[in-house]
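Engineer: following is a predicted model, sequence given first.
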Amino acid sequence: MAEVLRISGWSRKVSAQGVVYYTKRGSNESRWIHPGLSQLIYSLSKFDNIRYAAYRLSSKLLEVQVVLGSSTVSLPLTQSVLAHHGLSSPSLVLDSQELREFLNDLYNRATRARGIFSNHA
């Protein structure tokens, strides 16, 4: 599992409306955004001084790929998960819930394929 996904000291909770949020153990601090994601987004600012937008964006995307370990997800596995969710059309637009479900499924299947068992469902 990618280090950014480990949220030591934080608990994942779900509101009465079904929205995920995070609380820091031993304090009253809570946030809507995953603490690891917040750290990752902040760390991407190191690429902000790259002059050309295409290079800046590609550098940030490569960093996200490395941090999340997504380079280890095979194309056939990704295609299988896309097909399972009926996401074969290249012009398809996903809402946030569909994207969340797809990424969760992809993460869980990739984790199982690598022999690492996740307790996130």
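Structural biologist: Noted; the coordinates are in hand. Numbering: from 1, shown residues only.

Engineer: phi, psi for the residue sitting furthest away from the middle of the chain please.
Structural biologist: Among the C-alpha atoms of the chain, the one most distant from their mean position (CA atoms, centre = their mean) is that of residue 51, at 26.9 Å. Recorded main-chain torsions at residue 51 are phi -60, psi -50, according to degrees, to the nearest 10.

Engineer: pull up the gap between it and residue 59, please.
Structural biologist: 11 Å (CB to CB, to the nearest Å). From N, CA and C alone the C-beta is placed, and that goes for glycine too.

Engineer: check residue 39 too.
Structural biologist: With distances taken as CB to CB, residue 39 is found 18 Å from residue 59.

Engineer: average pLDDT for the top helix by length along the chain?
Structural biologist: Criterion DSSP state H: the longest helix present in the chain is helix 96-113. For helix 96-113, mean pLDDT rounds to 79.

Engineer: can you get me the start-to-end distance on stretch 25-34?
Structural biologist: 14 Å (CA to CA, to the nearest Å).

Engineer: repeat that for stretch 70-87.
Structural biologist: 19 Å.

Engineer: quick one: secondary structure of residue 86?
Structural biologist: coil (DSSP: H, G, I helix; E, B strand; the rest coil).

Engineer: near it, how many other residues are there?
Structural biologist: Counted by other CB atoms under 10 Å, the residues lying close to residue 86 total 9.

Engineer: quick one: residues contacting it.
Structural biologist: By CB atoms under 8 Å, 6 or more residues apart in numbering, no residues touch residue 86.

Engineer: tell me where this protein has strands.
Structural biologist: Here the chain has its strands, by DSSP state E, at 10-14, 20-24, 30-31.

Engineer: pLDDT weak spots in the protein?
Structural biologist: Counting by pLDDT under 70, the chain contains low-confidence residues at 1-6, 90-91, 115-121.

Engineer: can you do 50?
Structural biologist: Applying pLDDT under 50 to the chain flags the ranges 1, 117-121.

Engineer: alright, that wraps it up for me.
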